[in-house]
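S.K.: Sequence below, structure please.
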Amino acid sequence: MTIDKITTVIPTFFTTNNQIDYNFVYKHIEQQISNNIKSIVILDPNTSESLSLTQRERNVFAFHIFKNFADKINISVGISGFNTVELVEEIKQTDNCAHNFIIGFINHVSITQEGIFQHYKALIDASTKPIIINNNPENFGVNIEPETIKKIYEYSTRVIGITDTFLNMDKIILIKKLCPKIIIWSTNDNLILPALSLGAYGVFSIFSNFIPTLISTICFGFETGENDSIQDVFYKIKKISKLYDYKLDSVTLKYYLSKKYNEPTMEIVRLPLITLDGKFKNEFIKYDEQNN
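M.R.: Model (predicted):
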């Protein structure tokens, strides 16, 4: 299976006793499939809270999702962290549980671009699957420079693309110049349209968890040249994005989904994250009253 223009980043749900709630995860993925979403990401460090899971939990999670959905939807497995030796072992153990890997470098101490390249090189060598570079300097604490992206991309033909928040749109232009054939996905829902206009292929989306049709309308409408209609949809998404100004991706998303499915326990997160307080919940209530 190939990765689609729209790839939904799937949250990890938990039970009241802090175990992974596979029933809710399966239900949500089935809902994505029914909405014609053809690609998902699991074990993302932010939206999926993968760093709050043990390595064994991540391995088992990838096994179960791949076993149940590999023939229905493209599955990219997130591999993120700083411990190269540990992540090499993790990628080996999950190599048969993924269609692709999306590798993010998370670091909050001084590191060189050559160190980043060597980290990616070790993980690429440990896998047999297509690789996507996940660059998120705002959340990961390190920026993979365009020249390093080029070096990683040229190291192996299995490196097929990159995801980035692209808060600086000039970065898309530079990456396309350095790597003309690389596939680019934005990870910023409220910048989808400008990213597409500068050469991005699609989006690794949080919002497609709850508004998949609107995200699809933008991506495929842009492809077919329906510019006037997709502008209106894009402005709706910009309005929704204001609810995410708090930088609480998984927390806010899971609260929204708990309301959508009428399942209060879907908002459970693992410490050190905590559920939304009343102020933020009231913002969502106001949004629903005004837009539904």
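S.K.: now the helices for the chain?
M.R.: Using DSSP state H, the helices of the chain run over 22-34, 55-69, 84-93, 113-126, 137-140, 146-155, 170-178, 192-197, 212-223, 227-241, 249-260, 278-291.
S.K.: got the contact list for the first one?
M.R.: What it means is helix 22-34. 8, 10-13, 40, 64-65, 68-69, 72-73, 208-209, 212, 257, 261, 263, 265-266 (C-beta atoms under 8 Å, 6 or more residues apart in numbering). Bear in mind the C-beta positions are built from the backbone N, C-alpha and C, glycine included.
S.K.: Filter those down to the buried ones and express that as a ChimeraX selection.
M.R.: To isolate the buried members of the contacts of helix 22-34 in ChimeraX, using 16 or more other C-beta atoms under 10 Å:
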select :8,10,11,12,13,40,64,65,69,73,208,209,212,257,263,266
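S.K.: So which of the contacts of helix 22-34 sit within strands?
M.R.: Counting by DSSP state E, the contacts of helix 22-34 place Thr8, Ile40 in strands.
S.K.: Please name the nearest non-neighbouring residue to Ser216.
M.R.: Ile6 (5.9 Å; C-beta to C-beta, 6 or more residues apart in numbering).
S.K.: before we move on, back to that, now the helices of the chain as JSON lines including distance to Val77 and mean pLDDT?
M.R.: Shown next, in JSON lines, are the helices of the chain (distance: least, C-beta to C-beta, whole Å; pLDDT from 0 to 100):
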{"stretch": "helix 22-34", "distance to Val77": "14", "mean pLDDT": "97"}
{"stretch": "helix 55-69", "distance to Val77": "5", "mean pLDDT": "97"}
{"stretch": "helix 84-93", "distance to Val77": "8", "mean pLDDT": "96"}
{"stretch": "helix 113-126", "distance to Val77": "12", "mean pLDDT": "96"}
{"stretch": "helix 137-140", "distance to Val77": "17", "mean pLDDT": "79"}
{"stretch": "helix 146-155", "distance to Val77": "18", "mean pLDDT": "97"}
{"stretch": "helix 170-178", "distance to Val77": "23", "mean pLDDT": "94"}
{"stretch": "helix 192-197", "distance to Val77": "23", "mean pLDDT": "92"}
{"stretch": "helix 212-223", "distance to Val77": "21", "mean pLDDT": "90"}
{"stretch": "helix 227-241", "distance to Val77": "27", "mean pLDDT": "80"}
{"stretch": "helix 249-260", "distance to Val77": "17", "mean pLDDT": "88"}
{"stretch": "helix 278-291", "distance to Val77": "30", "mean pLDDT": "66"}
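S.K.: Kindly present these as JSON lines, with separate columns for distance to Asn107.
M.R.: Shown next, in JSON lines, are the helices of the chain (distance: least, C-beta to C-beta, whole Å):
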{"stretch": "helix 22-34", "distance to Asn107": "29"}
{"stretch": "helix 55-69", "distance to Asn107": "18"}
{"stretch": "helix 84-93", "distance to Asn107": "11"}
{"stretch": "helix 113-126", "distance to Asn107": "8"}
{"stretch": "helix 137-140", "distance to Asn107": "7"}
{"stretch": "helix 146-155", "distance to Asn107": "13"}
{"stretch": "helix 170-178", "distance to Asn107": "19"}
{"stretch": "helix 192-197", "distance to Asn107": "25"}
{"stretch": "helix 212-223", "distance to Asn107": "30"}
{"stretch": "helix 227-241", "distance to Asn107": "27"}
{"stretch": "helix 249-260", "distance to Asn107": "19"}
{"stretch": "helix 278-291", "distance to Asn107": "29"}
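S.K.: Assess the claim that the residue nearest to Ser216 and Tyr201 are in contact.
M.R.: No - counting by C-beta atoms under 8 Å, Ile6 does not reach Tyr201; the two are 10.2 Å apart.
S.K.: Who has more neighbours out of those two?
M.R.: Counted by other C-beta atoms under 10 Å, Ile6 and Tyr201 do not tie: Ile6 has more neighbours, with 26 against 17.
S.K.: May I have the beta-bridge partners of the more buried one?
M.R.: Note on Ile6: beta-bridge partners by DSSP bridges are Val203.
S.K.: what about it, distance to Ser186?
M.R.: Computed as C-beta to C-beta, to the nearest Å, the Ile6 to Ser186 distance reads 11 Å.
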